[in-house]
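Student: missing the sequence, but the structure's below:
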């Protein structure tokens, strides 16, 4: 692209930093970028860096596009410069439950098992799933099992086999 004159005569510079999936490293890199230059945009790739970088980028009015995250936690209405590029997790789960409800052709009410991470992310998905189930499969029986996301594997002790 730069060999052809860039965009509107401006060359494109891409700098890549590895935060090792550590929020404090993301904050350091984003701070360095904001302090070092006149950036058109800064993007981060995963949700681990989203919350830690969205606030400082928003405060500096630096667009934060194409974030690989389906979360809206801490973004909607708060960080207008942060733009995820995928469906929200809540929308994904709603579409999956709606499809399941439309595809259900067995007699009786369906049984839904929810194996949920016992953290904010899992609780957010469970809230979205519960709302979708109430809307699309109101007679479903739902069984929820919470698990520790830091556990090495699920075992028969959890009632499930990995």
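Tutor: Cool, got the structure. This is a predicted model, so every value here is computed, not measured. Residues are numbered from 1 along each chain as shown.

Student: so which residues of this structure form strands?
Tutor: For the chain, the strands defined by DSSP state E occupy 64-67, 82-84, 111-117, 141-147.

Student: quick one, the longest helix belonging to the chain and strand 111-117 angle?
Tutor: For the chain, the longest helix by residue count, based on DSSP state H, is helix 120-136. Using axes from the mean of the first three to the mean of the last three Cα atoms, to 10 degrees, the direction of helix 120-136 lies 160 degrees away from that of strand 111-117.

Student: give me the mean pLDDT for helix 120-136.
Tutor: The pLDDT scores in helix 120-136 average 86.

Student: care to break the chain down by domain?
Tutor: Listed domain ranges for the chain are 2-84, 89-158 (source: automatic domain parsing).

Student: want to throw those into JSON lines with mean neighbour count?
Tutor: Yep, even glycine has a C-beta here, placed from its N, CA and C like the rest. Compiled in JSON lines, the domains of the chain are given as follows (neighbours: other Cβ atoms under 10 Å):
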{"stretch": "domain 2-84", "mean neighbour count": "15"}
{"stretch": "domain 89-158", "mean neighbour count": "14"}
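
Student: mean pLDDT lowest for which of those?
Tutor: Taking the mean pLDDT of these, domain 2-84 comes last: a mean of 75.
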